[in-house]
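1. Predicted model, plus sequence, below.
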Amino acid sequence: MLKRARCIGLMCVLILVAVLVLLQISGSHSEALQVDYALVHFQHGQSLRKAGHTKVALREFRKAIRLRWHWQVPLNSAAWILATDPDPEIRRPQEALALARRAAAITGNGSAGILDTLAAAYAAAGRFDDAIDAAEAALTLISAEQATDLVVQIQSRLEGYRQGKPYVEQP
């Protein structure tokens, strides 16, 4: 598992080098460079999360957020981990709530996935009425033709919130 994580890390470094070379060739400015660094950190975080390295993935998402604070994708990913991780040492409901609120504000509360994360963060913080409202708002954004799996997942979590139970991912 450790060899795989190192390979993933090496692959991300190689991608970063390629991006830097392309930016240098195209004459892009430092702002564009920051955007690409954020993307590399985010993608590295995604790979680490899939490999089961949640703490390191969370660090990468935070780096992406520091570089591109207005990008809702790493905000949402970090908030989800902080709200739902099975390890209580990783869960930080208040931080999850702050990140999820920021992601929701960036999207104008127009993303069902982000509102689902916001609901999980509210529930993790013990604010079940707010969790129910956010989950119901997420469900209203999903059309009948869209993401039926997401609807089932949100409805399942919503039932838990109504019973005063936060959602925690299974290890």
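-> Perfect, thanks for sending it. Residues are numbered from 1 along each chain as shown.

2. CA only for contacts and neighbour counts going forward, please
-> OK.

3. So what's the gap between stretch 57-69 and the chain middle?
-> 10 Å (Cα atoms, centre = their mean, to the nearest Å).

4. what ranges do the helices span in the chain?
-> Ranges of helices within the chain are 2-26, 30-50, 54-67, 72-84, 93-106, 112-124, 128-141, 148-162, based on DSSP state H.

5. Low-confidence stretches in the protein?
-> 1-35, 144-147 (pLDDT under 70).

6. follow-up on the earlier one: quick one: the helices of the chain as TSV, columns for mean neighbour count and distance to Pro171 too.
-> Below are the helices of the chain laid out as TSV (neighbours: other Cα atoms under 10 Å; distance: least, Cα to Cα, whole Å):
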stretch	mean neighbour count	distance to Pro171
helix 2-26	13	19
helix 30-50	19	12
helix 54-67	20	11
helix 72-84	26	11
helix 93-106	22	18
helix 112-124	29	17
helix 128-141	20	23
helix 148-162	17	17
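
7. nearest to Gln170, of the ones you listed?
-> For Gln170, the closest of the helices of the chain is helix 72-84, at 9.0 Å, according to Cα to Cα.

8. got a list of contacts for the closest one?
-> Residues from elsewhere that reach helix 72-84, judged by Cα atoms under 8 Å, 6 or more residues apart in numbering: 42, 54, 58, 61-62, 64-65, 90-93, 95-97, 99-100, 102-104, 106-107, 114, 117-118, 120-121, 124, 167-169.

9. One more: stretch 162-171?
-> Residues contacting stretch 162-171 (Cα under 8 Å, 6+ apart): 83-86, 120, 123-124, 126, 128-129, 132, 157, 160-161.
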